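Engineer: Test case, fold it:
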Amino acid sequence: MTERPEPSQVRPPDQPATQPPDPDRRRFFRRFAGDVVTSVGSVLGAAQTLQQQSADAARELLAGEPVAGAAAEVDASTAGYRAPFRWDADEGVCRIIDQRRLPDVLVEIGLRGAADAVGAINDGALNGSPVQAQVAAVMLAIVAGRSRMSRPFARRATIRGAANALRTTRPGSAAMAAALDRMLARLELLAPDTDGDTVAEALRREAEAIVTEASGDHGALVTLGLTALPGEPDAPLHVLVAGSTGAMGGGQFGTALNTVTVAHHAGRPVHALVAETRPGFVGSRIAAWELSQAGVPYAIVTDAAAPACIAEGEVAAVLVGADRIAANGDVIAPAGTYALALAAADAGVPLLVFAATTAIDPATPRGEEATIEEGRPGPVMRAVGTRIAPEGSRIRNPVQDLTPAALVAALITEEGVLRAPFAPAIAAAVGRATERRSASPGFAALAAAAANDAPGVTEAPEAPDAEAVPDAGAAETAPAAPAS
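Structural biologist: Prediction:
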């Protein structure tokens, strides 16, 4: 086993000793990082603090104010906090940062219809299940707004068609399905002849609730994630992160990657080994860029070499996200997660999966029954605009894989740090989340429909092995104030 250097001694090859960190982003995290660490003994207090801070950030996102430095094409190292998307409800547009251009250039794309969002997801301009789900909800609200003057039956058909198109982009994403189902459930609560203004307002509020809740959930799970990291809160820590689990993939606030960022800004010496995460290189392009902006020490490793780094003792934990979590704890995540999980289990290193309960699919008993997405051949055939495989090659591009629950040390959710046996812990967490979100009309309708489809299901008992936050649902998760 090789000796690990201190984080202060490690930086990627050819990387300057100092990088221009993003001061606004650092201040953003420092607003609550100190509170998180000082209250780490009281998880509830920390969770409420972080949940409120991230909810405030979500309202800032929904306000549609310009994003500093991102309105025009600029160097991506330019300082200034950036949200991955901003919604101008009055103009009927959702502006996203084009993630294909990172880490070199910051430029926005305006999404004005479902077709725009479908293209952005399919082409890699928008990555990460949580943020894709939030943008999908926003797009349905925009479609409803643009259909105000349509006849009622045509308006509903347009909204449903948009939802179907968005759903096809990420069939393996539980968050995407949950957001779209919730928006459609809200639509179904309205009478068929409801006027267009009322429909648009109802869907706008539901979308705002989805975005606001996601930020609060991510803030709470990051707080809990800090308590799950190995070692003392002030001890040096080396972790491996994979995928795009920062704000760019999470919405206003990320999951696994933001746990690293918050720990860093709270004063813990932390170093991240970033898996490149092919074929889209979202780890090396996006996650590393976010760490650089936040001033967190990191090094990039190829996907093929990452398991060996784990085996050689270079990291104390592996942090990943999830696209879907089955009822038994099996995890569907970006391709490469399974290899990391095997290496971590063999080395005795914990695999920590960070995901909000919206990623949990109680209707999928085991991971084997989940859809594994097959990506297009283009990203495998070409890299950075250059063909890297012979023309006519047959390409396999599964963009997800299945990690059995037996390889997972913990599921970090906003409702608790869940450990094996996962089934009762997951059921209890989903139950608490359902109760917490019931103030939203769309979610309440969706939950009622699910209950009707599963007669005889009783409330899940509290799981003693779930390190749950007492009254974790107490934070306000009702629809945010209208953005306009």
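
Engineer: Confidence-wise, which helix or strand of this protein is lowest on average?
Structural biologist: The helix or strand of the chain with the poorest confidence is strand 466-468; it has a mean of 41 (mean pLDDT, DSSP states H and E).

Engineer: Residue 230 contacts residue 350, doesn't it?
Structural biologist: Yes. Using Cβ atoms under 8 Å as the test, residue 230 is close enough to residue 350 to be in contact (6.7 Å). Using the backbone N, CA and C atoms, a C-beta is placed for each residue, glycine as well.

Engineer: which neighbours do these two share?
Structural biologist: Both residue 230 and residue 350 are contacted by residue 317, under the criterion Cβ atoms under 8 Å, 6 or more residues apart in numbering.

Engineer: Show the contacting residues for residue 228.
Structural biologist: Residue 228 makes contacts with 352, 410, 412, 417, as judged by Cβ under 8 Å, 6+ apart.

Engineer: which one is it nearest to, not counting chain neighbours?
Structural biologist: Here the nearest residue to residue 228 in space, its sequence neighbours aside, is residue 417; by Cβ to Cβ, 6 or more residues apart in numbering that works out to 5.1 Å.

Engineer: so the one you found, which of the three states?
Structural biologist: Under DSSP: H, G, I helix; E, B strand; the rest coil, the three-state class of residue 417 is strand.

Engineer: Give me the pLDDT for it.
Structural biologist: pLDDT recorded at residue 417 is 97.

Engineer: Buried ones from the contacts of residue 228, can you make that a ChimeraX selection?
Structural biologist: A single ChimeraX command selects the buried members of the contacts of residue 228 (16 or more other Cβ atoms under 10 Å):
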select :352,410,412,417
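
Engineer: Could you give the number of residues near residue 448?
Structural biologist: Residue 448: 12 surrounding residues under other Cβ atoms under 10 Å.

Engineer: Look at it and tell me its secondary structure.
Structural biologist: Note that with three-state DSSP, the state of residue 448 is helix.

Engineer: now it: how far from residue 364?
Structural biologist: Relative to residue 364, residue 448 is positioned 20 Å away (criterion: Cβ to Cβ, to the nearest Å).

Engineer: List the buried residues of the helix or strand residue 212 falls within.
Structural biologist: Using DSSP states H and E, residue 212 sits within helix 196-228. Burial within helix 196-228, assessed by neighbour count using 16+ other Cβ under 10 Å, is assigned to 196, 199-226, 228.

Engineer: what helix or strand does residue 194 sit in?
Structural biologist: Residue-wise, residue 194 maps onto no helix or strand under DSSP H and E.

Engineer: ok, and the closest non-adjacent residue to it?
Structural biologist: Nearest one to residue 194, counting by Cβ to Cβ, 6+ apart, is residue 152 at 6.9 Å.

Engineer: Which strands border the helix or strand hosting residue 274, and is each parallel or antiparallel?
Structural biologist: In this structure, residue 274 is located in strand 270-275 according to DSSP H and E. In the sheet containing strand 270-275, the strands it pairs with under DSSP bridges are strand 237-241 (parallel), strand 298-301 (parallel).

Engineer: Pick the most deeply packed of these.
Structural biologist: Relative to the other members of the strands paired with strand 270-275, strand 237-241 carries the highest mean neighbour count by mean count of other Cβ atoms under 10 Å, namely a mean of 25.
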